[in-house]
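Enquirer: Predicted model and sequence follow; I will ask about them next.
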Amino acid sequence: MFRPVARRAGLTVEALLKAAADGTLLKRLPTLDEVANVAAFLASDEAGAMTGAIANLSCGALVD
């Protein structure tokens, strides 16, 4: 998925992802486990009171 973008930028995929991570407030990208855990929570009864929420898993790339 990232290879075409990296190629257009003249970077390796690893360099592209490192640059993306360095651009976040946490200096990292979310892990697949973190994304899966949030998705499971949002789909669960525990999130039943949430309405119209946006789950920001950008590690600070998008500041709310």
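Expert: Yes, it's here.
Enquirer: ok, and the closest non-adjacent residue to Gly60?
Expert: Spatially, and ignoring its direct neighbours in sequence, Gly60 is nearest to Leu25 (2.6 Å; Cβ to Cβ, 6 or more residues apart in numbering). Where C-beta positions appear, they are placed from N, C-alpha and C, glycine not excepted.
Enquirer: correction: Gly23
Expert: According to Cβ to Cβ, 6+ apart, the nearest residue to Gly23 is Ala61 (6.1 Å).
Enquirer: count of neighbours near that neighbour?
Expert: By other Cβ atoms under 10 Å, the residues close to Ala61 number 15.
Enquirer: hang on, it packs against Lys27?
Expert: No - checked against Cβ atoms under 8 Å, the pair Ala61 and Lys27 is beyond contact range at 10.6 Å.
Enquirer: May I ask you to name the longest helix in this protein?
Expert: If you go by DSSP state H, the chain has its longest helix at helix 32-43.
Enquirer: so who does the residue nearest the centre of the chain touch?
Expert: Most central in the chain under Cα atoms, centre = their mean is Ser58, positioned 4.1 Å from the mean C-alpha point. Ser58 makes contact with Thr24, Pro30, according to Cβ atoms under 8 Å, 6 or more residues apart in numbering.
Enquirer: any idea how far Ser44 is from it?
Expert: 22 Å (Cβ to Cβ, to the nearest Å).
Enquirer: Equivalent analysis for Gly52, please.
Expert: For Gly52, the distance to Ser44 equals 17 Å [Cβ to Cβ].
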